[in-house]
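**Student:** Need coordinates for the below:
(2 chains)
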Amino acid sequence: MSAQIATDAAPAIASYNFAYLDEQTKRMIRRAILKAIAIPGYQVPFASREMPMPYGWGTGGVQVTAAIIGPEDVLKVIDQGADDTTNAVSIRAFFAKVANVATTTRTMEATIIQTRHRIPETKLSAGQVLVYQVPIPEPLRFLEPRETETRKMHALEEYGLMHVKLYEDIARHGEISTTYAYPVMVEGRYVMDPSPTPKFDNPKMHRSEALQLFGAGREKRIYAVPPFTEVVSLDFEDHPFEIQTFDRPCALCAAENVYLDEVVLDDSGGRMFVCSDTDHCEDRRAQGHRGEMAGHPLETAK
Amino acid sequence: MSDEILIEGDAGFAAVAASERPLLSVSGLSKIYGARIGCIDVSFDVWPGEVLAIVGESGSGKTTLLNCISSRLAPTTGTVSYQMRDGRMGDVFRMSEAERRHLMRTDWGFVHQNPIDGLRMSVSAGANVGERLMAVGQRHYGSIRAEASEWLGRVEIDADRIDDQPRAFSGGMRQRLQIARNLVTEPRLVFMDEPTGGLDVSVQARLLDLLRGLVSDLGLSVIIVTHDLAVARLLSDRILVMKEGRVIESGLTDRVLDDPRAPYTQLLVSSILQV
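**Tutor:** The predicted structure follows:
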């Protein structure tokens, strides 16, 4: 463990099993994960458990993390790219408590990164696992409400309907206006919802060195993209897939070609655009990059 | 005759030109719902370019028969074989589900009585027509849209309605949109279940006129279920009369309607209201 890793973990609470879930449940979830890895993009049903948090707060992701985490792992949790929001802080504290693992905010040092709706800007490497929290795993759900029918459509590779949605986008808005949860084709076989990440992150999934696991607690589904898997965003020949672009760099670290959040500063229209990935932004500022609103250097601020 | 046709891959048939063999051949088809009868022992052939009407009163098994031959419902006994585009006769119920569904969205069409059952009400008219094209792999927005727009024109829907949802369409327009949606992949066989039901007479007349034009232009084979003998007279070449699940009379439309032989057909023909 390097110096940056926080070691604030308290000893595990005696009345809980390691990582909160009992061993049988973890085996059940691991079996689902193995099947999901064997069939990239296929949604594997699993017996999702009640977790000590409401549905929609990452119960699927937490169960996947609990099933794969070991005492040697280093955990990072991000929420919309940020390490310091309530959801991220709580889940990190949860695993520090029930699994006694080391936690970090640094992408490079983490072995498991649980994420809500972003992929870190720093390229992930082999051996890292990215765990997504998924609200609605079925990409065809809003087009076809019947589960029996969507399963059949996946089984028979009937994905024409997905393009009907993209057609509607272009007909109404002149371009494919889907900006998040943008459907992808995995290894030329299954159409998959990459969870509500911005489409900016879709290219990062393609042939990623890291293992990507997706957990949907309420919908009771797990799916996976193994390392080096083809992940292609759906599009039309004359309306190719494009990611979002920003006409200005990050206001704090001057980074370009990263995903920016808009922050409203006051009631008179003041706003700033900053990196959504807080670790990436801090890293760059530590290296001396300064955006137009960066203010005093961090060293003096301390 | 149908017995000879059913044999799949029989070398003897390769010599016979595709147009000299029936497009669809139904043999001994029955559908039993528990103790109730849907249809019993129905056999007939449909030839390329032929329009066949199935008539009878409500509850006579017309729709059950149509659903069975279009593979939307599994029959209790009997076979349905279809001449595929490569000229081979395929048993519809021995195909894999993937093959059958592929057939249903390329070579076949199904026009429902109620357009809501056959359309996607929450996507635009253009996407409704383009859906089948996208389902068979077209991925060029411009050409899909051009083709959708051409088909809207053929069914007399204004080009500027292409981005409107079918919700905003009248009953007659919805039905014409449903027809365009089915015909865009140039199917060879279209099933229609009371396509003019629920429309007022002037709209009905225009729809029938349109259908008659499309059928002759495209050389479509059609199996149409109707209780309206006037519709059968106008559109069909041949007619099957059903009563209590059985076919009680069949023949050329004009012959059956002008010279009905079965007592029930005579009753049916004489029941038409005169204006």
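**Student:** quick one: contacts for the closest residue to residue A:43 other than its chain neighbours?
**Tutor:** Closest residue to residue A:43 in three dimensions, ignoring its sequence neighbours and counting by CB to CB, 6 or more residues apart in numbering or on different chains: residue A:221, at 4.4 Å. Any C-beta I mention is one placed from the backbone N, CA and C, and that applies to glycine too. Contacts here follow CB atoms under 8 Å, 6 or more residues apart in numbering or on different chains; on that basis residue A:221 touches A:43, A:44, A:45, A:46, A:60, A:134, A:137, A:138, A:214, A:215.
**Student:** From those, pick the one nearest residue B:115.
**Tutor:** residue A:138 (26.9 Å; CB to CB).
**Student:** how close does the closest one sit to chain B?
**Tutor:** Here residue A:138 is placed at a distance of 17 Å from chain B (CB to the nearest CB, to the nearest Å).
**Student:** Identify the residues contacting that residue.
**Tutor:** By CB under 8 Å, 6+ apart, the neighbours of residue A:138 are A:43, A:147, A:150, A:193, A:219, A:221.
**Student:** can we see that at 6 Å?
**Tutor:** Listed by CB atoms under 6 Å, 6 or more residues apart in numbering or on different chains, the contact set of residue A:138 reads residue A:150.
**Student:** Look at it and give its secondary structure.
**Tutor:** The three-state assignment at residue A:138 reads coil, by DSSP: H, G, I helix; E, B strand; the rest coil.
**Student:** now it: how far from residue A:164?
**Tutor:** 16 Å (CB to CB, to the nearest Å).
**Student:** secondary structure class for the residue in the stretch 1-150 of chain A that chain B sits nearest to?
**Tutor:** At 8.3 Å from chain B, residue A:143 is the closest residue in the stretch 1-150 of chain A, using CB to the nearest CB. Here residue A:143 is recorded as coil under three-state DSSP.
**Student:** Can you give me the neighbour number for residue 149?
**Tutor:** All of this is about chain A. 14 (other CB atoms under 10 Å in any protein chain shown).
**Student:** that's the wrong chain, I meant chain B
**Tutor:** Neighbours of residue B:149 under the rule other CB under 10 Å: 17.
**Student:** Give the helix, strand or coil label for it.
**Tutor:** Applying three-state DSSP: residue B:149 is helix.
**Student:** show me the contacts for it.
**Tutor:** Counted by CB under 6 Å, 6+ apart, residue B:149 has contacts B:159, B:162.
**Student:** For the residue in the stretch 51-200 of chain B positioned nearest to chain A, give me the pLDDT.
**Tutor:** Closest residue of the stretch 51-200 of chain B to chain A, CB to the nearest CB: residue B:135 (2.9 Å). At residue B:135, the model reports a pLDDT of 91.
**Student:** show me the contacts for it.
**Tutor:** A:160, B:105.
**Student:** does residue A:162 sit in a helix or strand, and which one?
**Tutor:** Here residue A:162, judged by DSSP states H and E, is contained in helix A:160-173.
**Student:** list the buried ones in that helix?
**Tutor:** A:160, A:161, A:162, A:163, A:164, A:165, A:166, A:167, A:168, A:169, A:170, A:171 (16 or more other CB atoms under 10 Å in any protein chain shown).
**Student:** what's in contact with that helix?
**Tutor:** Residues contacting helix A:160-173 (CB under 6 Å, 6+ apart): A:143, A:176-178, A:183, A:191, A:234, A:239, B:123-124, B:126-127, B:130-131, B:134-135, B:141, B:163.
**Student:** What's the ChimeraX syntax to select whichever of those are buried?
**Tutor:** Filtering those down to the buried ones (16+ other CB under 10 Å) takes a single ChimeraX command:
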select /A:143,176,178,183,191,234,239 /B:123,124,126,127,130,131,134,135,141
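**Student:** Show me the contacts of helix A:160-173 that map onto strands.
**Tutor:** residue A:191 (DSSP state E).
**Student:** what mean pLDDT would you report for stretch B:57-69?
**Tutor:** 91.
**Student:** contacts for that stretch?
**Tutor:** Residues from elsewhere that reach stretch B:57-69, judged by CB under 6 Å, 6+ apart: B:26, B:29, B:31, B:38-39, B:42, B:54, B:56, B:73, B:75, B:80, B:191, B:193, B:225, B:242-243, B:245.
**Student:** do the same with stretch A:60-70
**Tutor:** So stretch A:60-70 is contacted by A:19-21, A:26, A:29-30, A:51, A:99, A:114, A:131, A:133-134, A:213, A:215-217 (CB under 6 Å, 6+ apart).
**Student:** residues touching residue A:248, list them.
**Tutor:** residue A:273.
**Student:** same check, this time on the one 3 residues further on
**Tutor:** With contact taken as CB under 6 Å, 6+ apart, residue A:251 is in contact with A:272, A:273, A:274, A:291, A:292, A:293.
**Student:** Confirm the third one sits in a strand?
**Tutor:** If I follow you right, that is residue A:274. Yes: using three-state DSSP, the assignment for residue A:274 is a strand.
**Student:** returning to that earlier point: take the helix holding residue A:162, keep the C-alpha atoms, and write them as PDB.
**Tutor:** Output of helix A:160-173 as PDB, limited to C-alpha atoms (Å, rounded to 0.1, in the frame of the first residue of the first chain):
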ATOM      1  CA  GLY A 160     -34.200  -3.500 -35.300                       C
ATOM      2  CA  LEU A 161     -36.200  -1.700 -32.600                       C
ATOM      3  CA  MET A 162     -33.100  -0.100 -31.100                       C
ATOM      4  CA  HIS A 163     -32.500   1.600 -34.400                       C
ATOM      5  CA  VAL A 164     -36.200   2.700 -34.500                       C
ATOM      6  CA  LYS A 165     -35.300   4.700 -31.400                       C
ATOM      7  CA  LEU A 166     -32.200   6.300 -32.900                       C
ATOM      8  CA  TYR A 167     -34.300   7.000 -36.100                       C
ATOM      9  CA  GLU A 168     -36.800   8.900 -33.900                       C
ATOM     10  CA  ASP A 169     -34.100  10.900 -32.400                       C
ATOM     11  CA  ILE A 170     -32.800  12.100 -35.800                       C
ATOM     12  CA  ALA A 171     -36.300  12.700 -37.100                       C
ATOM     13  CA  ARG A 172     -37.100  14.900 -34.100                       C
ATOM     14  CA  HIS A 173     -33.900  16.600 -33.300                       C
END
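**Student:** Thanks a lot, catch you later.
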